[in-house]
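Student: The following block contains a protein sequence and its predicted model.
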Amino acid sequence: MRYVSTRGQAPVRDFAGVLLAGLAEDGGLYVPETWPTLRPDDWRALRGLPYQELATRILAPFAAGSIDEATLRRLCGRAYAGFNHPAIVPLVQLDGELFVQELFHGPTLAFKDMAMQLLGGLFDHVLEREDARVTIVGATSGDTGSAAIEACRDRERIQVVILHPEGRTSEVQRRQMTTVLSRNIDNLAIDGSFDDCQDLVKAMFADAPFRAEMQLSAVNSINWARVAAQIPYYVAAALALGAPDREVCFAVPTGNFGNVLAAWAARRMGLPVRHLAIGSNHNDILARFLAGNDMSMRDVTPSLSPSMDIQVSSNFERLLFELLDRDAAACARIMTGFRATGRMQVPDAAWRKASALFHGLSLDDDATSGAIRRLHDEAGYLADPHSIIGIEAGRRHAVAGIPTIAMGTAHPAKFPEAIRRATGLVPALPPHLADLYEREERYRRVPNRLDAVEAAVRAALFKNAA
Ligand SMILES: Cc1ncc(COP(=O)(O)O)c(C=O)c1O
Ligand SMILES: N[C@@H](CCOP(=O)(O)O)C(=O)O
């Protein structure tokens, strides 16, 4: 399998090449040159497989020619061995046709572990094989950071530098990152929003000499491998509820658009998915786009679901590329215009295709709190402030006779203040995190400037090399 950039001007690479490159040199995102597709019998043959084996088989065509299936099997086996639920991604029925797929049974209690635990092994394998090293720079609004740190801590060939927006994550999320004191881990607190952090990461990639000197790589969902590793759980859920002989709908709380893009990819591979409901908090650029082809940036303001306090949804570019029938020049033009003006309008035909498949809903903080409380009162289920937004989007757009599967993207204990406000309860952290508030924290405050961040990344790398 080969990968091309959505902007058409970067080298074509294989899976391992894309894993290490992260972002394409032309500023675009890598996508498969062609989509693997499965026939109904192929899907049926996957029913009932353990999650690790299912993931291996779904990922094999994406890694073909680059990482062999036996290696993938070994890496998938290791990636999910530490999850604390035997089903890895259990489905919980909330009412007749509404289900939650819990994706938070990994070490850092969020769906990011699903991909990141595998990426840690993939990086090790490829770096060892190529006798190479990388500096991973990542941006987080709360969950990607700790998942990446957990997956890559103490790895010989990897230096990790994570940028988080100071004061804009939950305290649990921040401590999950800043209390990991391994030599190869550095946390930078940026005076700005997640979008600023993400822009700084992209600017480091655009600085060609710096990129080469540091051997930069990415763990955000701009890295195709992240999205690929999120596809298997959509397949697992759909098969469990009758696919390919029955359609399903997915509902996904959405920020950087990476999780729902994996659902889109599963559909593109032939999984029968009727529609994709996406939920946002009051930072609702995607919902506004779907409602009226208005992708216009506004200031990001903090919400009860901090991981979705995002306006620039990086993975939308991958969808746009497909909506434009893979016209890379048009995609580049629209994306460059968006960054210059803060506004994007896609051609009407493309917007109509998007809004026929994706249905949006945004909830403000009061509605989020109310929905957490109601679900807890009525079904005895405690959803975190991100998952509940997906659940409500799923309910709003439900189709009679078709199951809706909402993604449970984080454990409620990551957001104790929001849960207390909604229900009066304070969910306990699991035993391996029980002493989180007593652990020593370490991070550096860095101004929201490229030169300052690059200096901090350089210092992190050389400190570790010394
Ligand atoms: C708990 C949680 N839910 C939802 C999201 C949104 O997912 P995505 O950025 O893939 O759209 C995030 C952040 O990625 C998250 O951490
Ligand atoms: N919500 C994320 C933001 C980054 O998203 P990613 O999927 O592109 O890594 C977070 O919690 O950090």
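Tutor: Happy to help now that I have it. Ligands and ions are numbered 1, 2, ... in the order given.
Student: Can you give me the neighbour number for Glu69?
Tutor: Using other Cβ atoms under 10 Å, Glu69 has 14 other residues around it. Every C-beta, even on glycine, is put in place using the N, C-alpha and C of the backbone.
Student: And the closest residue to it other than its chain neighbours, how far from Pro232?
Tutor: Excluding the flanking residues, the one nearest Glu69 by Cβ to Cβ, 6 or more residues apart in numbering is Ala60, at 4.8 Å. Ala60 sits 11 Å away from Pro232, going by Cβ to Cβ, to the nearest Å.
Student: Those two - which one has more neighbours?
Tutor: Using other Cβ under 10 Å as the criterion, Ala60 and Pro232 rank with Pro232 on top: 28 against 16.
Student: Buried residues in the lengthiest helix in the chain, which are they?
Tutor: Longest helix of the chain, by residue count under DSSP state H: helix 112-130. Within helix 112-130, the residues that count as buried by 16 or more other Cβ atoms under 10 Å are 112-127.
Student: Doesn't Phe99 belong to a helix?
Tutor: No - counting by DSSP: H, G, I helix; E, B strand; the rest coil, Phe99 is not found in a helix; it is strand.
Student: list the contacts for it?
Tutor: Contacts here follow Cβ atoms under 8 Å, 6 or more residues apart in numbering; on that basis Phe99 touches 91-93, 237, 241, 403-406.
Student: could you pull out the helices for the stretch 201-350 of the chain?
Tutor: 208-214, 224-228, 231-240, 258-268, 285-292, 316-323, 328-341, 348-357 (DSSP state H, counting those that start in this stretch).
Student: same check, this time on the stretch 351-466 of the chain
Tutor: With DSSP H, counting those that start in this stretch as the criterion, the stretch 351-466 of the chain has helices spanning 365-379, 387-396, 416-423, 450-465.
Student: what's the nearest residue to Ala265 if we skip its chain neighbours?
Tutor: Distances taken as Cβ to Cβ, 6+ apart place Ile231 nearest to Ala265, at 5.3 Å, with adjacent residues excluded.
Student: quick one on the thing from earlier: now the helices of the stretch 201-350 of the chain in a markdown table, with distance to ligand 2 and mean pLDDT?
Tutor: Shown next, in a markdown table, are the helices of the stretch 201-350 of the chain (distance: least, Cβ to the nearest ligand atom, whole Å; pLDDT from 0 to 100):
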| stretch | distance to ligand 2 | mean pLDDT |
| --- | --- | --- |
| helix 208-214 | 19 | 97 |
| helix 224-228 | 6 | 98 |
| helix 231-240 | 14 | 98 |
| helix 258-268 | 4 | 98 |
| helix 285-292 | 13 | 95 |
| helix 316-323 | 11 | 98 |
| helix 328-341 | 16 | 96 |
| helix 348-357 | 20 | 97 |
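Student: pLDDT weak spots in the stretch 151-300 of the chain?
Tutor: The model of the stretch 151-300 of the chain has no residue with pLDDT under 70.
Student: So which bits of it are right by ligand 1?
Tutor: 221, 253-259 (Cβ under 6 Å from any ligand atom).
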